[in-house]
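1. My questions are about this predicted structure, shown below with the sequence.
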Amino acid sequence: MDMPVARTRRPAVAGYFYAEEPAELAAEVDACLGPRQAIAARGLITPHDSYSRSGRVAGAAFGRVAIPRRCIVIGPSHTNAGLPWRLMINGAYRTPLGDVPVDEALAQAWQARCPWLAPETATHLGEHAIEVQVPFLQRLGPDDLTLVPLIVGTEDWDETARTAHGLAQAVRLAEEPVLIIGTSDLSHYEPDARTRAQDQQLLEAIAALDGAEFLRRVRNCQAAVCGNSVIALVLEAVRALGATRADCVAYATSAQAGGDPEAAVGYAGVILQ
């Protein structure tokens, strides 16, 4: 397969999901961060709504972990367009805080083990989930920060599990810390009490680091989760890498941020160690 032309993925939701002016964005991210620590973590699960809705939940997780030079950020497809797996293997992600280059070596190592990961950039251009994670990484990470962005548009567990184990192999070969971030909002557009009850069941599966059980509970609850396969993939990958615990450090719903209590969305910030 031919290497795609390297390109900079420009912001799609600056000025909408988060501030467009750099100094204002930096202040907005800092205001979202919880207590600052530097816990060594294998992964995170974070939400991807606007910062006014879910930023403090995301910040509670990001603020507690050490952000290494190399990060993998996995998000769901909101358009269902194109291929089920879309991996950027070169170029850069841009936010108002600057450009973060794609880690070509790590992306290609993953793609070599999972050839179904299509090297494709175009679909990333209109997706917001990965984008809203990047300013947190820029504020907290080192100057030589890199990332590997993957969009997931499938619910096939077998392929998801194989992708997770291929990712774990690529991370082991990196021989330096790599943080795996999966971004997903939880239950969507249910009354607030039902959203919380459903999400509690899903968080129990996350606490067990059980991707297959997480997907089973999503189906049984008939929950509309934006990124169910993303969470399952990350849980399977970090468990293959030796993770033994998942700590939910923040949970909230959109109703708490002024949203409709009859159509709430759940958000969780989880640290995977």
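-> Okay, I see it. The shown structure was predicted, so the numbers you read here are calculated from the model rather than taken from an experiment.
2. For this protein, which segments count as strands?
-> Assigned by DSSP state E, the strands in the chain fall at 8-9, 43-46, 70-76, 85-87, 92-95, 98-101, 118-119, 146-152, 178-183, 246-253, 266-272.
3. and the first one, what other elements does it pack with?
-> Which is strand 8-9. Judged by 3 or more CB pairs under 8 Å, 6 or more residues apart in numbering; DSSP states H and E, the packing partners of strand 8-9 are strand 92-95. The way it works is simple: take the backbone N, C-alpha and C, and place the C-beta from them, glycine included.
4. neighbours around residue 219, how many?
-> 11 (other CB atoms under 10 Å).
5. Throw the strands of the chain into JSON lines and include mean neighbour count, thanks.
-> Shown next, in JSON lines, are the strands of the chain (neighbours: other CB atoms under 10 Å):
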{"stretch": "strand 8-9", "mean neighbour count": "18"}
{"stretch": "strand 43-46", "mean neighbour count": "27"}
{"stretch": "strand 70-76", "mean neighbour count": "25"}
{"stretch": "strand 85-87", "mean neighbour count": "23"}
{"stretch": "strand 92-95", "mean neighbour count": "20"}
{"stretch": "strand 98-101", "mean neighbour count": "17"}
{"stretch": "strand 118-119", "mean neighbour count": "18"}
{"stretch": "strand 146-152", "mean neighbour count": "26"}
{"stretch": "strand 178-183", "mean neighbour count": "26"}
{"stretch": "strand 246-253", "mean neighbour count": "20"}
{"stretch": "strand 266-272", "mean neighbour count": "26"}
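6. In JSON lines, list those strands along with distance to residue 197 and mean pLDDT.
-> Putting the strands of the chain into JSON lines (distance: least, CB to CB, whole Å; pLDDT from 0 to 100) gives the following:
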{"stretch": "strand 8-9", "distance to residue 197": "37", "mean pLDDT": "91"}
{"stretch": "strand 43-46", "distance to residue 197": "19", "mean pLDDT": "98"}
{"stretch": "strand 70-76", "distance to residue 197": "23", "mean pLDDT": "97"}
{"stretch": "strand 85-87", "distance to residue 197": "32", "mean pLDDT": "93"}
{"stretch": "strand 92-95", "distance to residue 197": "35", "mean pLDDT": "96"}
{"stretch": "strand 98-101", "distance to residue 197": "38", "mean pLDDT": "98"}
{"stretch": "strand 118-119", "distance to residue 197": "38", "mean pLDDT": "90"}
{"stretch": "strand 146-152", "distance to residue 197": "26", "mean pLDDT": "96"}
{"stretch": "strand 178-183", "distance to residue 197": "23", "mean pLDDT": "98"}
{"stretch": "strand 246-253", "distance to residue 197": "11", "mean pLDDT": "97"}
{"stretch": "strand 266-272", "distance to residue 197": "10", "mean pLDDT": "97"}
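7. Go through the ones you listed and name the closest to residue 210.
-> For these, the distance to residue 210 is smallest for strand 246-253, at 9.7 Å, taking CB to CB.
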